[in-house]
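1. output the structure for:
(chains A, B, C and D)
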Number of protein chains: 2
Amino acid sequence: MSVKVSASGIIVKPEPTKIGRLEITRADIMNTAFRFLWSHPFREMTVNKLMDQTSVSRSSFYNYFSDTHELIESLLEILESDILQGANPWLTDDGDPVALLHQSLTAEVHVCYRCGPFLKAITDAAGTDARLEAGWYGMLGRFDDAVRERVIADQALGLIESFDPRSVATALNQVDASMYVRAFGQRPRSRPGPVLDAISRLWISSLYGERWVANRMSTLYREQGASR
Amino acid sequence: MSVKVSASGIIVKPEPTKIGRLEITRADIMNTAFRFLWSHPFREMTVNKLMDQTSVSRSSFYNYFSDTHELIESLLEILESDILQGANPWLTDDGDPVALLHQSLTAEVHVCYRCGPFLKAITDAAGTDARLEAGWYGMLGRFDDAVRERVIADQALGLIESFDPRSVATALNQVDASMYVRAFGQRPRSRPGPVLDAISRLWISSLYGERWVANRMSTLYREQGASR
DNA sequence: GACTTTTACTGACATAGTGTCAGAATTTAC
DNA sequence: GTAAATTCTGACACTATGTCAGTAAAAGTC
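-> From the prediction side, this is the model:
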């Protein structure tokens, strides 16, 4: 894109490009969609309603995305890198695995709390479009693989007992994803503390054993009088 | 309808039915929908395609259901009782709780394996309609409550350590639901064995501790050589 | 069996949202 | 300043929805 070739085959220019109008409009649409999905479910997002909030017409939408699902897919890509970043400690670092796992889960909960309604929009949208569904499942699958790798490594070290790492990795990731959508997908969102505690309990007890769990609870349940 | 005349003017069929035309047509539509959803995702189910497979016209659909979501809601009610039935042992019976839990999970996996694509249809449809979504979350909520009750009871007996039972119950039910949809929702469906193993591990280790898990695995992982 | 009444069904219509395309408007190239 | 490109838009065709007035079938009545 930075170098264009004319019909005669001559290299035309290294493109001075002030700032692409194209990029601006595209970003405008994506931002508008993100804002819209913060306060409305995906099912209410029509191309019309969306483009009313931008400076360009409805038809222009189709210069950038073939439909609303492709738009969501673009937003999803951004999200994936955000989440993966926070999950890094346990997946890659050396040290106390239980501490690292808890650290990764904490980061993940934070990111997903912040974009809960958008996360829900993605899963809703995935159900209405085959391509997006494949993209969403693809992302989940990459998470599964990463977790599986780490489990295998810790099994080799004797830190985790021997069991089929694939299905357990999938199940653990599914807990996270479905809890985030359910707890943070609708406003008012649930508070992240209890969600983190529950998720941590499941991950730690099923991988490293329940003796590690108690240390990692953000709030001691008894202290707050067993309230909701 | 009791007498049909073909294009050539020949009387095609006499109708022997006496009663319940309404119930019959309603059941016809519901059966057709169920069959359709076995081989197509919900997003492809239009009123047109559906009613083409029945003996009545598209318009008639609206005599029975206000839209496709309400139809799904009716089918969901049937499903809920099916699942609850299998879950009964752990929820209500006396005896070894770990054994009963495993028994309940086994039954649940079986039911959900059998109607996997339909389960996926429900969750897809829930994302596209507020009322159905409320119904689906309502059902999940009732499961959460039942599990929570049982956890509280076992906590009182000292069988389960003291922690917030609500969020853990929700998380555990979410594992089940999301795994069933993911593993059994698309054909070819995953085999139920590994799914049951993974789910059992999460439930048992997070509630009763990992020392109980090994006994309950349907297949000993080492024996099958850590394949895939 | 001929009648009215009730019940179940249907075709035709209005509406909403989608995606396309030819051409207008705007920016960039020279 | 004009040509070429890029970007945008109104108008159109199409699909699916849900409604409704009217038709057909069944049940009730004598």
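2. for the rest of this, base every contact and every neighbour count on C-alpha atoms.
-> Fine.
3. any stretches of chain A with poor pLDDT?
-> Within chain A, the stretches with pLDDT under 70 are A:1-20, A:211-216, A:218-228.
4. so who does residue A:86 touch?
-> Applying Cα atoms under 8 Å, 6 or more residues apart in numbering or on different chains to residue A:86 gives the contacts A:104, A:107-108, A:111.
5. dump the residues you listed to TSV, plus secondary structure.
-> Compiled in TSV, these are given as follows (DSSP: H, G, I helix; E, B strand; the rest coil):
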residue	secondary structure
A:104	helix
A:107	helix
A:108	helix
A:111	helix
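6. right, and out of those, which lies closest to DNA strand D?
-> Comparing these against DNA strand D with Cα to the nearest atom of the strand places residue A:111 closest, at 31.7 Å.
7. how near is the nearest residue to that closest one once chain neighbours are set aside to residue A:150?
-> Distance criterion Cα to Cα, 6 or more residues apart in numbering or on different chains; nearest residue to residue A:111, sequence neighbours excluded, is residue A:83 at 6.6 Å. Using Cα to Cα, to the nearest Å, residue A:83 is found at 17 Å from residue A:150.
8. also residue A:57?
-> For residue A:57, the distance to residue A:150 - Cα to Cα - is 48 Å.
9. the two: who's more crowded?
-> Each of residue A:57 and residue A:150 has its neighbours counted (other Cα atoms under 10 Å in any protein chain shown); residue A:150 has more, 17 against 14.
10. what's the one helix or strand residue A:33 maps to packed up against?
-> Following DSSP states H and E, one finds residue A:33 within helix A:21-39. Counting contacts by 3 or more Cα pairs under 8 Å, 6 or more residues apart in numbering or on different chains; DSSP states H and E, helix A:21-39 is packed against helix A:47-52, helix A:116-126.
11. which elements pack onto the longest helix anywhere in chain A?
-> Counting residues, the longest helix found in chain A (DSSP state H) is helix A:130-156. Secondary-structure packing of helix A:130-156 (3+ Cα pairs under 8 Å, 6+ apart): helix A:68-92, helix A:116-126, helix A:165-184.
12. now do that helix against helix A:116-126, angle only.
-> Angle of helix A:130-156 versus helix A:116-126, following axes from the mean of the first three to the mean of the last three Cα atoms, to 10 degrees, is 110 degrees.
13. next one: phi and psi at the residue nearest to residue A:124 when sequence neighbours are not counted?
-> Excluding the flanking residues, the one nearest residue A:124 by Cα to Cα, 6+ apart is residue B:127, at 4.7 Å. The phi/psi pair for residue B:127 (degrees, to the nearest 10) reads phi -70, psi -10.
14. return the most buried member of the helices and strands packed on helix A:21-39.
-> Ranked by mean neighbour count, the helices and strands packed on helix A:21-39 are led by helix A:116-126 with a mean of 24 (mean count of other Cα atoms under 10 Å in any protein chain shown).
15. return the distance of that one from the chain's centre.
-> 10 Å (Cα atoms, centre = their mean, to the nearest Å).
16. follow-up on the earlier one: want to try JSON lines for the helices and strands packed on helix A:130-156, with distance to residue B:39 as columns?
-> Converted to JSON lines, the helices and strands packed on helix A:130-156 look like this (distance: least, Cα to Cα, whole Å):
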{"stretch": "helix A:68-92", "distance to residue B:39": "23"}
{"stretch": "helix A:116-126", "distance to residue B:39": "18"}
{"stretch": "helix A:165-184", "distance to residue B:39": "24"}
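17. and of those, who's closest to DNA strand C?
-> helix A:68-92 (6.3 Å).
18. close to DNA strand D, is that closest one?
-> No - for helix A:68-92, no contact with DNA strand D is found by Cα under 7 Å from any atom of the strand; the gap never falls below 15.0 Å.
19. for the longest helix of chain A, which positions count as buried?
-> For helix A:130-156, the neighbour count (16 or more other Cα atoms under 10 Å in any protein chain shown) marks A:132-133, A:136, A:140, A:143-152, A:154-155 as buried.
20. so which of those residues comes closest to residue A:47?
-> residue A:132 (17.1 Å; Cα to Cα).
21. which non-adjacent residue is nearest that closest one?
-> Counting by Cα to Cα, 6+ apart, residue A:132 lies nearest to residue A:126, which is 5.2 Å off, once chain neighbours are set aside.
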